[in-house]
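In: Please find the sequence and the predicted model below.
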Amino acid sequence: MKIDFPTKYIVKYPIENKKYYYGKNKEEIEEVLLTASKKFCMYCGKRLEIDGDKILQLEHSVDKDGNYNQRSKKTLLLHCKYNLAVSCVKCNEVYKKRIEKIDFNNYMDVNCPVDCCEMCNIYKKMRNEYISKNAIILQPQGITKDGKQYKIKYNLLKHILEPDDENYEEEAIFLIANHIDRFHLNGDRFSTCIIDICADIFFLYEIGVKDFNSLIKDIEQKRFSNVLGVLFVKFLKENFEHKSIEELIEFCKLLILLDSVV
């Protein structure tokens, strides 16, 4: 019994290439990326907007500076729209700083055209090398290999995030597991959102809310601290809408009980 944790985002990029790391252009690409992530961190799922205030950083998927040999080429990936993601401060400034940078000297300079609609081959190669060196699922494009997307699942019964159990090669499983560990998704980045929702559902039922749609509507009015809250409510709609309210309550009680013994 598992929920997909986002590892890839559908971004509606502007066609025009601009200096996206500065001024109004930065605000423009931030909004595009926030729309794609539904205002949650693309790495840990934490909410990036609270009471209308944005608490985020526009981060570079592949480090923009290259290694110590490339100071003169530090703008190589500075404005590439495909190399930008939105994240919380901790993911960007702590967990994503512990990386091995790539050598820009191995790549020709990228001369971006006025417009582009997809990642260029040079950037794809740089991105693949960076992923290989650091075992990280870069956002917002994620990783797709041989037609299969690298996925993370939230195991509802174990209350942990884990690699998807599809037929991945050992290397892929290692990379996904390393990504989970790097961003402490089962550590200090772990969200209690799902258990909190279960407790709220049980409370609403106890005070007399017995209709599924009314109960879910009340829950949806909350501002979830993590994207897992949104995904869990979607899971409940898909799996319990046509079951009795008592079955939903028993399921929520089960998850709370399992959490207490994990």
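Out: Arrived safely, thanks for sending.
In: what's the straight distance from one end of stretch 174-194 to the other?
Out: From its first residue to its last, stretch 174-194 covers 26 Å (CA to CA, to the nearest Å).
In: Please read the previous query as pertaining to stretch 181-192.
Out: End-to-end span of stretch 181-192 (CA to CA): 17 Å.
In: Show me what that stretch is in contact with.
Out: By CB atoms under 8 Å, 6 or more residues apart in numbering, the surrounding residues in contact with stretch 181-192 are 5, 43-46, 90-91, 95-96, 98, 135-136, 152, 160-161, 180, 225-226, 228-229. C-beta coordinates here come from the backbone N, C-alpha and C atoms, glycine included.
In: what about the strands in the protein?
Out: Taking DSSP state E, the strands of the chain run over residues 2-5, 49-50, 53-54, 57-60, 84-87, 144-145, 148-149, 152-155, 160-163.
In: Save those strands as CSV, and put in distance to residue 187, mean pLDDT and mean neighbour count too.
Out: What follows is the strands of the chain, written out as CSV (distance: least, CB to CB, whole Å; pLDDT from 0 to 100; neighbours: other CB atoms under 10 Å):
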stretch, distance to residue 187, mean pLDDT, mean neighbour count
strand 2-5, 15, 95, 17
strand 49-50, 22, 80, 12
strand 53-54, 25, 78, 11
strand 57-60, 20, 95, 20
strand 84-87, 17, 97, 27
strand 144-145, 27, 89, 12
strand 148-149, 24, 90, 14
strand 152-155, 14, 96, 19
strand 160-163, 10, 95, 19
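In: Let me have those strands in a markdown table, adding distance to residue 261 as columns.
Out: As requested, the strands of the chain are exported to a markdown table (distance: least, CB to CB, whole Å):
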| stretch | distance to residue 261 |
| --- | --- |
| strand 2-5 | 19 |
| strand 49-50 | 32 |
| strand 53-54 | 38 |
| strand 57-60 | 37 |
| strand 84-87 | 33 |
| strand 144-145 | 37 |
| strand 148-149 | 33 |
| strand 152-155 | 14 |
| strand 160-163 | 13 |
